[in-house]
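K.L.:
Task: produce atomic coordinates for the following.
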Amino acid sequence: VGAAVLAPSALSLLTCGFAEGRARNRAMAAYSAVTGLGAALGLVVGGLAADLVSWRAGFFLNVPVGALMMVMALRYLPGTERRGGRFDVAGALLATLGSTALVLGIVNTAEFGWTAPATLIPLVAGVALLALFAGVERRAAQPIVPLRLFASRERSGAYVTRMLYMGAMMGFYFFTAQFMQSVYHWTPLETGLAFLPMTLVSFALAVQVPRLLERVARPLVLVSGVALTAAGMAWLSRLGLHTPYVTGVALPMVLIGAGQGLALAPLTSSGVDGVAPADAGAASGLVNTVHRIGSALALGILAAVAATVSTGHSPADIAARSGAALTGSAVLLALAVVTVLTLIVPTWATRDEGTR
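P.N.:
Numbers count the residues shown, from 1 in each chain. Here you go, the predicted model:
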């Protein structure tokens, strides 16, 4: 809840408060590092709550955190100039209903298959609603998603890459945690602690990204980070019933953490750079929206992939499902690498030619 409350506001402040270049790179790196550290602490605290109380307690932890962050936002975040306008109700409804229908259709594939009405109806409805959403946004005086944000090839590439990347990472967290608890028979707290090799490496590299960006072009850092994550995910996808933690889980996590530490800050910068001040809020909101939608859609897809391998509940079945789902995550990350190379890298090559 806290992340959902403040993430768009924080990105908007970073976009408006720091000029493109070194200052913004440092701000984005700090934002990404703290986000990664929060994820690590959340896994451990959530695991402890599940051990001591119930897995349901993890949801209640978000309530005081979210409330505290809202109070802090009102007290410490600077206000912006107020402007009149009308809320884009039609756009908000169509975007929400369309995204929900797509996720529902994908989730239903695991139980009913791709050709069943329970799958096809929500999928078709989702596509139709999102098409209507695009039409509404094109005509709206103050759209919630100004379509001009997609005019930049780099920003569009960043949005697609973020959907693929965060979708793969959502599958990683979900299926790896399930594997450790069901195959290793670890407690929720032990499982949370087992993710520390990834999160600590991610934090350590994220704080070094600003210095790296002073020496290396942003797309090179980004593609290296996504490729490292893909390599780690492909290694982790070899999970089996007798996979040892150190060589089969922890070491791949180190690669995944290194990739995430390198990728998130430049990926976020590419999603908000070049926007007009009036669009800063919409651009930062869109970055977080594709993050959430990508996570939901991908988890539904990966769950459907896992269900094609096995639907049993034995440790062997869960190991097989986890390996299949993580293979799907590796495929999503490979597509993310291709997206960076085809949409983001060429824009920087053109920029470099223009400065010669």
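
K.L.:
Can you report how many residues lie near R215?
P.N.:
8 (other C-beta atoms under 10 Å). C-beta here means a position set from N, CA and C on the backbone, and glycine is covered the same way.

K.L.:
Same check on V340?
P.N.:
Under the criterion other C-beta under 10 Å, the count of neighbours that V340 has is 29.

K.L.:
List the residues that contact it.
P.N.:
G157, T161, P219, L222, V223, V226 (C-beta atoms under 8 Å, 6 or more residues apart in numbering).

K.L.:
Inside helices: which ones of those?
P.N.:
Residues of the contacts of V340 located in helices (DSSP state H): G157, T161, P219, L222, V223, V226.

K.L.:
Among these, which one lies nearest to V290?
P.N.:
T161 (9.2 Å; C-beta to C-beta).

K.L.:
you'd agree that closest one is up against T342?
P.N.:
No. Checked against C-beta atoms under 8 Å, the pair T161 and T342 is beyond contact range at 10.4 Å.

K.L.:
which one of these two has more residues nearby?
P.N.:
T161 (28 against 12).

K.L.:
Give me the distance between the more buried one and T187.
P.N.:
Distance of T161 to T187, computed by C-beta to C-beta, to the nearest Å: 35 Å.

K.L.:
separation between L149 and A276?
P.N.:
10 Å.

K.L.:
So for the two, which sits in the more crowded spot?
P.N.:
Just comparing L149 and A276: by other C-beta under 10 Å the higher neighbour count belongs to L149, 21 against 11.

K.L.:
Model confidence for that one, exactly?
P.N.:
Here, the pLDDT recorded for L149 equals 88.

K.L.:
The nearest residue to it once chain neighbours are set aside sits in which helix or strand?
P.N.:
Spatial nearest neighbour of L149, excluding adjacent residues (C-beta to C-beta, 6 or more residues apart in numbering): A283 at 5.7 Å. Taking DSSP states H and E as the criterion, A283 maps to helix 280-309.

K.L.:
by contact count, what packs against that helix?
P.N.:
Under the contact criterion of 3 or more C-beta pairs under 8 Å, 6 or more residues apart in numbering; DSSP states H and E, helix 280-309 touches helix 2-17, helix 89-112, helix 153-182, helix 251-272, helix 315-339.

K.L.:
Figure out which of those helices is closest to W235.
P.N.:
Taking the helices and strands packed on helix 280-309 one by one with C-beta to C-beta, helix 251-272 is closest: 4.0 Å.

K.L.:
Flag every buried residue along that closest one.
P.N.:
251-272 (16 or more other C-beta atoms under 10 Å).

K.L.:
Run a quick neighbour tally on the residue nearest to L149.
P.N.:
Neighbours around A283, by other C-beta under 10 Å: 24.

K.L.:
gap between it and G157?
P.N.:
Distance, A283 to G157, by C-beta to C-beta: 14 Å.

K.L.:
same question, M180
P.N.:
Distance from M180 to G157, by C-beta to C-beta: 34 Å.

K.L.:
quick one, which of the two is more surrounded?
P.N.:
The neighbour count for M180 versus G157, taken as other C-beta under 10 Å, is higher for G157 (25 against 22).

K.L.:
what sits against that one?
P.N.:
G157 neighbours (C-beta under 8 Å, 6+ apart): S270, T339, V340, T342, L343, I344, T347.

K.L.:
Over to P244?
P.N.:
So P244 contacts nothing (C-beta under 8 Å, 6+ apart).

K.L.:
State the distance from it to T229.
P.N.:
P244 is 22 Å from T229, by C-beta to C-beta.

K.L.:
Please apply the same query to R22.
P.N.:
25 Å.

K.L.:
Check P117 too.
P.N.:
For P117, the distance to T229 - C-beta to C-beta - is 37 Å.

K.L.:
which SS state does F133 fall under?
P.N.:
Secondary structure, DSSP: H, G, I helix; E, B strand; the rest coil: F133 is helix.

K.L.:
What's the separation between it and A101?
P.N.:
F133 is 12 Å from A101, by C-beta to C-beta.

K.L.:
more neighbours, those two?
P.N.:
Each of F133 and A101 has its neighbours counted (other C-beta under 10 Å); F133 has more, 24 against 20.

K.L.:
give the contact list for the more buried one.
P.N.:
F133 touches G91, L94, A95, G98, counting by C-beta under 8 Å, 6+ apart.

K.L.:
So the spatially most central residue of the chain versus A33, what's the distance?
P.N.:
By C-alpha atoms, centre = their mean, the chain has its centre lying nearest to M166, at 2.7 Å. Using C-beta to C-beta, M166 is found at 17 Å from A33.
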